[in-house]
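Trainee: Okay, here's the prediction I keep looking at, along with the sequence it came from:
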Amino acid sequence: MLGQPLYPDPLTVAEEWQAGGRGVAIATVIETWGSAPRPVGSHLVIDSQGNFHGSVSGGCVEGAVIVEAAEVITSGTARVLEFGVADETAWRVGLSCGGRIRIYVERLG
């Protein structure tokens, strides 16, 4: 359909999920250094049922962000996550491109 985006904006999805009574967290890329899969401002939204929409990196990094987001939804405490090749977790979560990213995860509402 013309005029309709192929993929809805993650923030719109987050609002819809919250309006439907779901707990929702928003992950936002806040800093990048070197090679990074997604630019600053990219969003991934996660709900309390484990559904997600959008992207902050790709691969296993997003899996790690989803796990952290579930804890943020439960606790209500925001956190900053950092992934990079200098970090021993970089190889485990798949950010071996030589860059680093910081992601802010917060509960909506």
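Mentor: Yes, it's here.

Trainee: quick one: the strands in the chain?
Mentor: For the chain, the strands defined by DSSP state E cover 24-33, 43-47, 52-54, 79-84, 100-107.

Trainee: Of the ones you listed, flag the one that's most buried.
Mentor: Neighbour counts (mean count of other CB atoms under 10 Å) averaged over each of these peak at strand 43-47, with a mean of 24. Every C-beta, even on glycine, is put in place using the N, C-alpha and C of the backbone.

Trainee: Now do the contacts for the residue lying closest to residue 49 once chain neighbours are set aside.
Mentor: Computed as CB to CB, 6 or more residues apart in numbering, the closest residue to residue 49 that is not its neighbour in sequence is residue 22, at 6.4 Å. By CB atoms under 8 Å, 6 or more residues apart in numbering, residue 22 lies in contact with 47, 48, 49.

Trainee: what does residue 106 give?
Mentor: 25, 26, 72, 78.

Trainee: which residues touch the second one?
Mentor: Think residue 26. 10, 11, 14, 43, 44, 45, 46, 105, 106, 108.

Trainee: For the longest helix along the chain, what is the distance to the chain centroid?
Mentor: The longest helix of the chain (DSSP state H) is helix 59-75. The chain centre lies 8 Å from the centre of helix 59-75; the measure is CA atoms, centre = their mean, to the nearest Å.

Trainee: Contacts for it, please.
Mentor: For helix 59-75, the external contacting residues (CB under 8 Å, 6+ apart) are 23-25, 27, 37, 44, 46-48, 50, 52, 55-57, 78-79, 81, 83, 89, 92-95, 101, 103, 105-107.

Trainee: lowest average confidence, helix or strand, in the protein?
Mentor: helix 89-93 (a mean of 52; mean pLDDT, DSSP states H and E).

Trainee: related to what we said a few turns ago, redo the strands of the chain as JSON lines? Include mean pLDDT.
Mentor: Output for the strands of the chain, formatted as JSON lines (pLDDT from 0 to 100):
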{"stretch": "strand 24-33", "mean pLDDT": "96"}
{"stretch": "strand 43-47", "mean pLDDT": "97"}
{"stretch": "strand 52-54", "mean pLDDT": "95"}
{"stretch": "strand 79-84", "mean pLDDT": "92"}
{"stretch": "strand 100-107", "mean pLDDT": "96"}
